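[1] Model the structure of this input:
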Amino acid sequence: MTDPHPTTPERTALVIGAGIGGLTAALALYRRGWRVTVHERAAALDPVGSGLSIAPNALRALDLLGVGDPIRARAAAHGEAALRRPSGRRLARTSTAGFARAYGDPIVVLPRADLVAELAAQLPPGVLHTGSTAELVDPGSADAPALVRTADGTEHRAALVVAADGLRSPTRARLFPDHPGPRYAGCTTWRTIVPRPPGSTLPVGETWGRGALIGVVPLAEDRVYLYAAAWTAPGGAAVDGDERAELLRRFGDWHAPLPALLAAAEPDRVLRHDVHELGDPLPAYHRGRTALLGDAAHAMTPFQGQGACQAIEDAVVLAHHATDRFDLPAYSAARLPRTTWVAARSRRVARLVALHTPLAVAARDTLLTLAGSLPARTLVRAAAPMLDWHPPTWPVPSGAPADLGV
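    Below is the predicted model:
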């Protein structure tokens, strides 16, 4: 692939981490005329056995990069989702049609590995370096580029370093050593993808119990994404490492066909993770010429399905501010309030799911039933602060180098 926007040495960016945020940032910067390299410590971008929801806000950002339609093509469509009790009784329901009319798209779901593969495929050869660790040595300043050292001892200078190095980000610790870092959010999650049982009716949506939930979402190619969460002590593991058996122990008496779906999972393809979040927001998402994004900047609980979406938003906003005026303070100012709000909203949902006493659960379920009886347009409108986000407008690149101040 030929670089359509030749660059000067000053317009160089080094991305640490090739997850969704890092790859999106690399593609966004490349589209805006930067020379980009991505360093990923894993030896390969291995497929991850979980699904991923992409909401209209993130689809708009992907459209800006030219990958929105390929992602829509990989996703499965479903018309209605419901919220249920473990007995199967429905508490509320929503239709994707209302969201699509209001925001231009429904929330689409696809395997996480599909999005990673699509983003990586859009980058030119030689950009992505797997099996390559990268450590920030100096974040840089207005007068000097940032400095990164790779595992072989080579030092790289860059006009911009993008740290997409995840929940336990070494770069975040380097930039903000006094920040307390991530904390356990109180719950553990399980994720897997299973074949769709022939002729079955899927209970699309979520089932909430006492301090636990299960979600069921159809995927393309007759597959089903299952996810579950339970409030439990951190650091646990299933007996003999069989997380499928652990899921059946916890959820095997919930309504059909949940037990059959769980039983269809391959034990070695059930992912279990304790959920951690950055409960204390960072003071900024940058220092010098180094920017944080995704989980490195604002790790959040998964109960709004916005973790990856916010990383995608980060990437296009960063590329906008880094290119136009190299204004990383503007990037922090744009992203910190929004991601803090989204994380707080997800945390509030988590607290509702975490309720476990009979009285509290009954009150919660009554509240959810009442909310479900509201007109559909009211529920759709309530999602506007999250879903009605639009990326910055990018001018057609001229090919001229940006004024980076170096």
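[2] Which other helices and strands does the strand ranked longest in the chain contact?
    For the chain, the strand that runs over the most residues, judged by DSSP state E, is strand 183-195. Here strand 183-195 touches strand 223-231, helix 243-251, strand 271-277, helix 328-354, going by 3 or more CB pairs under 8 Å, 6 or more residues apart in numbering; DSSP states H and E. (Glycine included, C-beta is placed from N, CA and C.)
[3] Out of those, which is the most enclosed?
    Highest mean neighbour count of these: strand 223-231, a mean of 22 (counted as mean count of other CB atoms under 10 Å).
[4] Name the nearest residue to the spatially most central residue of the chain, sequence neighbours excluded.
    For the chain, the residue lying nearest the average C-alpha position, counting by CA atoms, centre = their mean, turns out to be Ala308 (1.5 Å). Distances taken as CB to CB, 6 or more residues apart in numbering put Ile20 closest to Ala308, at 4.9 Å, once the chain neighbours are dropped.
[5] what do you get for Gly68?
    Using CB to CB, 6+ apart and skipping the chain neighbours, the partner closest in space to Gly68 is Leu62 (4.1 Å).
[6] tell me the pLDDT at Pro397?
    Turning to Pro397, the model gives it a pLDDT of 44.
[7] Repeat that for Leu404.
    At Leu404, pLDDT is 35.
[8] what's the answer for Pro401, then?
    At Pro401, the pLDDT recorded in the model is 36.
[9] do the same with Ala245
    Listed pLDDT for Ala245 reads 95.
[10] Enumerate every residue touching it.
    Residues in contact with Ala245 (CB atoms under 8 Å, 6 or more residues apart in numbering) are Ala238, Val239, Pro267.
[11] at 10 Å what do you get?
    With contact set as CB atoms under 10 Å, 6 or more residues apart in numbering, Ala245 has these partners: Ala238, Val239, Gly252, Leu262, Ala263, Pro267, Val270.
[12] Would you mind measuring from the fifth one to Leu318?
    The spacing between Ala263 and Leu318, counted by CB to CB, to the nearest Å, is 44 Å.
[13] Comparing these two, which residue is more hemmed in?
    Per other CB atoms under 10 Å, whichever of Ala263 and Leu318 has more neighbours is Leu318, with 29 against 14.
[14] what about that one, which SS state?
    Three-state assignment for Leu318 (DSSP: H, G, I helix; E, B strand; the rest coil): helix.
[15] start the count at 379, not 1, going forward
    Sounds good: first residue 379 from here, last item Leu696.
[16] which residues sit in contact with it?
    391, 399, 402-403, 406-407, 538, 540, 663-664, 669-671, 706, 708-710, 712-713.
[17] Model confidence for Glu599, exactly?
    pLDDT recorded at Glu599 is 91.
[18] Hmm, I typed the wrong one, I wanted Glu513.
    97.
[19] The one 3 residues further on too?
    On the pLDDT scale, Asp516 is placed at 97.
[20] That one contacts Thr549, doesn't it?
    No: taking contacts as CB atoms under 10 Å, Asp516 lies outside contact range of Thr549: 11.7 Å.
[21] Need the overlap of contacts for these two.
    Val526, Val539, Thr668.
[22] Rebuild the residues you listed as JSON lines, extending it with pLDDT and secondary structure.
    Shown next, in JSON lines, are the shared contacts of Asp516 and Thr549 (pLDDT from 0 to 100; DSSP: H, G, I helix; E, B strand; the rest coil):
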{"residue": "Val526", "pLDDT": "97", "secondary structure": "strand"}
{"residue": "Val539", "pLDDT": "98", "secondary structure": "strand"}
{"residue": "Thr668", "pLDDT": "98", "secondary structure": "strand"}
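[23] which of those tops the neighbour count?
    That'd be Val539 among the shared contacts of Asp516 and Thr549, by other CB under 10 Å, with 29 neighbours.
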